[in-house]
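Novice: any chance you can model this:
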Amino acid sequence: MPASIGDALQAARGRIPASEARLFLGSLLDCSTAQIAAYPERSLAPPLGARFAELLERRAAGEPVAYLLGLREFFGRNFRVNPAVLIPRPETELIVELVLARMQATGAGPKILDLGTGSGALAVTLALEVPASRLTAVDLSPAALAVAGLNAEMLGARVRFVESNWFSAVDEVGFDFIVSNPPYIAADDPHLAEGDVRFEPPGALASGITGLDDLARITATAPAFLVPGGWLMMEHGYDQAAAVRALLAGAGFEAVESARDLAGIERVSFGCWPRS
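Specialist: Okay, here's the model as predicted:
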């Protein structure tokens, strides 16, 4: 059991990245990673040393850092996460940016529906970025909704949460934006057995043989819930942009496009429901 910061970093060497070890120590000692690096001689009380040893073992076995810390940053804010929800990823921030870029055309107080909210990262972020907006967020999982509700309360966001299988329990229409980061991985994709996704909820990841089942379901149903001129925006896999654009065009959406994430991958596809 490590007795100091230096001992802990030495124990982690070769097992997990040093940056992750510093994150764990910073969380345990409530200090910055810069302070961890600067004061390797700082002692660790036995309970903290034992807790670090536990985190080290679990991370070395593959558990995601976000679940071990219970936090993940999204759009500059920390969100609570646990294995009941998908870990928010930077590429999903693109949806927020796309909504904000089109917000002026909707006027004050846009209505936004977040499908499959998970941790609430999208809904809570949009509620905070646009305080006049009216957010409804749905998820099939009560455990996920509990996490999302905690994040909304913790960050001071006004969001209405509904337990629903996509649109099934949504009791209002006339949304200006419908956003979603739905499951989009093929059920037999070998990546489901690799990395962090091994520990994430399978229902938030896989969607049929091609990965397009939920994307197709959302696209087909969304028009009934959108105002004329409303937007549907969906995240998808790195190789699914053309297929999702075809779904949107086939459902009658106009101005269909895909936007690229910071890695240059077409990550979000969207379309506008016709005004007439």
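Novice: where along the chain do the strands fall?
Specialist: Taking DSSP state E to define them, one finds strands in the chain at 71-74, 77-80, 111-115, 134-139, 159-163, 175-180, 226-235, 254-260, 266-272.
Novice: okay, the ones you listed in CSV with mean pLDDT next?
Specialist: CSV is the format used below for those (pLDDT from 0 to 100):
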stretch, mean pLDDT
strand 71-74, 97
strand 77-80, 98
strand 111-115, 98
strand 134-139, 98
strand 159-163, 98
strand 175-180, 98
strand 226-235, 98
strand 254-260, 98
strand 266-272, 98
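Novice: those: which one's closest to Pro202?
Specialist: Closest approach to Pro202 among the strands of the chain (CB to CB): strand 134-139, 14.7 Å. (Glycine included, C-beta is placed from N, CA and C.)
Novice: which pLDDT value belongs to the spatially closest residue to Ala12 that is not a sequence neighbour?
Specialist: Ranked by CB to CB, 6 or more residues apart in numbering and with sequence neighbours excluded, the top spatial neighbour of Ala12 is Ala21, at 3.8 Å. Per-residue pLDDT puts Ala21 at 96.
Novice: flag every buried residue along stretch 47-54.
Specialist: By 16 or more other CB atoms under 10 Å, the buried positions in stretch 47-54 come out as Leu48, Gly49, Arg51, Phe52, Ala53.
Novice: any idea which of those residues is closest to Leu155?
Specialist: For the buried residues of stretch 47-54, the closest approach to Leu155 (CB to CB) belongs to Arg51, at 26.3 Å.
Novice: so who does the residue nearest to that closest one when sequence neighbours are not counted touch?
Specialist: Counting by CB to CB, 6+ apart, the nearest residue to Arg51 once its immediate chain neighbours are dropped is Leu28, at 6.0 Å. By CB atoms under 8 Å, 6 or more residues apart in numbering, the residues touching Leu28 are Leu44, Leu48, Arg51, Phe52.
Novice: ok, Ser119 - how many residues close by?
Specialist: Residues lying near Ser119 (other CB atoms under 10 Å) number 25.
Novice: wait, it sits on Pro83?
Specialist: No - assessed by CB atoms under 8 Å, Ser119 is found out of contact with Pro83, at 11.3 Å.
Novice: residues near Met103, how many?
Specialist: Around Met103 there are 19 residues (other CB under 10 Å).
Novice: for it, give me the pLDDT.
Specialist: 85.
Novice: now the stretch 101-250 of the chain, which segments are flagged as low pLDDT?
Specialist: 104-108 (pLDDT under 70).
Novice: okay, now Leu122: neighbour count?
Specialist: Counted with other CB under 10 Å, residues neighbouring Leu122 total 30.
Novice: show me the contacts for Val179.
Specialist: By CB under 8 Å, 6+ apart, Val179 lies in contact with Ile95, Val99, Ile112, Leu113, Asp114, Leu115, Leu122, Leu126, Leu232, Met233, Met234.
Novice: can I get these in JSON lines including distance to Ala11?
Specialist: Shown next, in JSON lines, are those (distance: CB to CB, whole Å):
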{"residue": "Ile95", "distance to Ala11": "40"}
{"residue": "Val99", "distance to Ala11": "45"}
{"residue": "Ile112", "distance to Ala11": "46"}
{"residue": "Leu113", "distance to Ala11": "47"}
{"residue": "Asp114", "distance to Ala11": "42"}
{"residue": "Leu115", "distance to Ala11": "44"}
{"residue": "Leu122", "distance to Ala11": "38"}
{"residue": "Leu126", "distance to Ala11": "42"}
{"residue": "Leu232", "distance to Ala11": "49"}
{"residue": "Met233", "distance to Ala11": "45"}
{"residue": "Met234", "distance to Ala11": "44"}
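Novice: out of the residues you listed, who's nearest Ser207?
Specialist: Met234 (11.6 Å).
Novice: tell me the contacts of the closest residue to the closest one other than its chain neighbours?
Specialist: Leaving aside its chain neighbours, Met234 sits nearest to Ser180 (5.0 Å; criterion: CB to CB, 6+ apart). Neighbour list for Ser180: Asp114, Leu115, Gly116, Ile218, Met233, Met234, Glu235 [criterion: CB under 8 Å, 6+ apart].
Novice: many thanks, have a good one.
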